[in-house]
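>>> Sequence first, predicted model second:
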Amino acid sequence: MEVVISLQGGGGWPDGSVAPLGTWLGRERELRGRVRRAPAAAPPPAVMGTATDLLTVVLEPGGVATVLAAALVAWVQRRAGNQTVTITRPDGTILTVAAEHVRGLDARQVNELAQQLARSLEPGETVPGEPMPGEPTRPPAAPAG
């Protein structure tokens, strides 16, 4: 399974640049060779902005999702500014980790968040119900019709 990662917010790099995050993830032994920079993508319909720089990460069963989740949470927690990492699964599910929600968490809460994010990233897993602030989120369901 391949997930797509984008970045929004400040922190010293041009808005949307994933280069520092890609470097951070590439330092994780289990993620080496799994993280690639993807061509910039236009923003989704009804979203204002410019093209977004993207990373793709190849996941498979066996703990890679856990390493990715822990690395993403740690990276966001250590950044300056209000950055948000958005992860899009192949099924269209969107997960987010926002700096403003992660910074105030203690070690236990950070660990719980990383574990929940990892479960949501595991191939074949479904995303749990509505999360608390700072936890992964999913887009609202389309209206029945």
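Okay, I see it.
>>> ok, which stretches of the chain are strands?
2-8, 35-41, 52-58, 84-88, 94-98 (DSSP state E).
>>> And those strands, which one averages the lowest pLDDT?
When the strands of the chain are compared on mean pLDDT, strand 35-41 scores lowest, with a mean of 78.
>>> ok, now which ones touch the closest residue to V73 other than its chain neighbours?
Nearest residue to V73 in three dimensions, chain neighbours excluded: A114, at 4.6 Å (C-beta to C-beta, 6 or more residues apart in numbering). (C-beta placed from N, C-alpha, C; glycine too.) Taking C-beta atoms under 8 Å, 6 or more residues apart in numbering as the criterion, A114 is in contact with 66, 69-70, 72-73.
>>> thinking again about what came up before, output the strands of the chain in JSON lines, with distance to S120 and mean neighbour count appended to each entry.
Listed next are those as JSON lines, based on distance: least, C-beta to C-beta, whole Å; neighbours: other C-beta atoms under 10 Å:
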{"stretch": "strand 2-8", "distance to S120": "10", "mean neighbour count": "19"}
{"stretch": "strand 35-41", "distance to S120": "18", "mean neighbour count": "13"}
{"stretch": "strand 52-58", "distance to S120": "14", "mean neighbour count": "19"}
{"stretch": "strand 84-88", "distance to S120": "8", "mean neighbour count": "20"}
{"stretch": "strand 94-98", "distance to S120": "6", "mean neighbour count": "21"}
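>>> Which pLDDT value does the model give the nearest residue to E100 once chain neighbours are set aside?
Closest residue in space to E100, ignoring its immediate chain neighbours: N82 at 5.1 Å, by C-beta to C-beta, 6+ apart. N82 carries a pLDDT value of 82.
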